[in-house]
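Visitor: The following comprises the amino acid sequence and a computationally predicted model.
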Amino acid sequence: MTVDARVRWATFDCFGTLVDWRHGIATGAELLFPGRGAELLDVYNRHEPQVQREFPAMRYRDVLTEALRRTAGEAGLDLLEDDARVLAVSIPFWPVFPDTRLALADLRAAGWRIALLTNCDRDVIGETQRRLAVAVDAVVTAEDVGSYKPHHNHFHRFADSFGATRDNWVHVAQSYFHDIRPAHELGIPRVWINRLAEPDDPSIADAVLPDLTELVQAVEQVHRADRLNTEGVR
């Protein structure tokens, strides 16, 4: 497929990068078990990737529910069956980060198309997009590809569908495990939004930011540098 150099794509992980996933999980847990939200968030963080590995075709709302069941079980808490879906029900209302809407709007104004490569279902991301309040040009979900990142299927589907290559594509994400590492493995230019000041090796990212405040400058710089490097190799 021929790449149109005039089309530049910035792809994003949604939850954790644009939407405050941690707040959503902790708040849901706090509703059920007051005073335990932050503690249960840390436990949940271990269980969700395991559920996704075990059941790659499971709908994300069901992943949320199963991971919460396992979290409560590990913590020795009695989780009522009707309460187990609190995360699946509340996810459309999880808040975007304060810097999200302006960063996306500025990126579009700079001529970038925006896509979401997300570990959720089509209906979930459809409901979530209204909170972004900025137009999105394309979406690839776990439901579309039958697997969850860090599997490479999201990236392959996007590249195949839109002719994206490293010449016109920068991926932006908070999750080192789900996004930055696989983007590095595939040679996709990448910006790590290290909101949590995590200690992972920053050298596999092309740029590292603490939030989205300077996103446009970072994406433009990564794109220019990668094109220069690519042209220099030819």
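Guide: Received, thanks.
Visitor: could you dump stretch 61-77 to PDB, C-alpha only?
Guide: Output in PDB follows, covering the C-alpha atoms of stretch 61-77 (Å, rounded to 0.1, in the frame of the first residue of the first chain):
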ATOM      1  CA  ARG A  61     -16.500  -5.400  30.300                       C
ATOM      2  CA  ASP A  62     -16.200  -9.000  31.200                       C
ATOM      3  CA  VAL A  63     -12.400  -8.700  31.700                       C
ATOM      4  CA  LEU A  64     -13.200  -5.800  34.200                       C
ATOM      5  CA  THR A  65     -15.600  -8.000  36.000                       C
ATOM      6  CA  GLU A  66     -13.400 -11.100  36.200                       C
ATOM      7  CA  ALA A  67     -10.400  -9.100  37.300                       C
ATOM      8  CA  LEU A  68     -12.400  -7.500  40.000                       C
ATOM      9  CA  ARG A  69     -13.600 -10.800  41.200                       C
ATOM     10  CA  ARG A  70     -10.100 -12.100  41.500                       C
ATOM     11  CA  THR A  71      -9.000  -8.900  43.200                       C
ATOM     12  CA  ALA A  72     -11.700  -9.300  45.900                       C
ATOM     13  CA  GLY A  73     -10.800 -12.900  46.300                       C
ATOM     14  CA  GLU A  74      -7.100 -12.200  46.800                       C
ATOM     15  CA  ALA A  75      -8.000  -9.500  49.300                       C
ATOM     16  CA  GLY A  76     -10.400 -11.800  51.200                       C
ATOM     17  CA  LEU A  77     -13.400  -9.600  50.500                       C
END
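Visitor: Break the chain into its domains for me.
Guide: 8-19+95-233, 21-93 (automatic domain parsing).
Visitor: If you tally nearby residues, what's the number for the closest residue to Leu196 other than its chain neighbours?
Guide: With Cβ to Cβ, 6 or more residues apart in numbering as the measure, Gln174 is the residue that lies nearest to Leu196, at 7.7 Å, once sequence neighbours are left out. C-beta: built from backbone N, CA, C; applies to glycine. Look at Gln174: counted by other Cβ atoms under 10 Å, it has 26 neighbours.
Visitor: Looking at the domains of the chain, which one is packed in the most?
Guide: With neighbours taken as mean count of other Cβ atoms under 10 Å, these reach their highest mean count in domain 8-19+95-233, at a mean of 19.
Visitor: chain center to that domain: distance?
Guide: The offset between the C-alpha centroid of domain 8-19+95-233 and the centroid of the whole chain comes to 7 Å, using Cα atoms, centre = their mean, to the nearest Å.
Visitor: Quick one: mean pLDDT over that domain.
Guide: Domain 8-19+95-233 comes out with an average pLDDT of 95.
Visitor: Please give me every residue in contact with the residue nearest to Leu196.
Guide: Neighbouring residues of Gln174 by Cβ atoms under 8 Å, 6 or more residues apart in numbering: Asp13, Gly16, Thr17, Trp192, Ile193, Asn194, Arg195, Leu196.
Visitor: so Leu87 makes contact with Ile25?
Guide: Yes - between Leu87 and Ile25 there is a contact under Cβ atoms under 8 Å: 6.5 Å.
Visitor: Please enumerate the helices of this structure.
Guide: Assigned helices in the chain, in chain order: 21-32, 37-54, 60-75, 86-90, 100-109, 122-132, 142-145, 153-162, 181-186, 215-233 (criterion: DSSP state H).
Visitor: With that, I have no additional questions.
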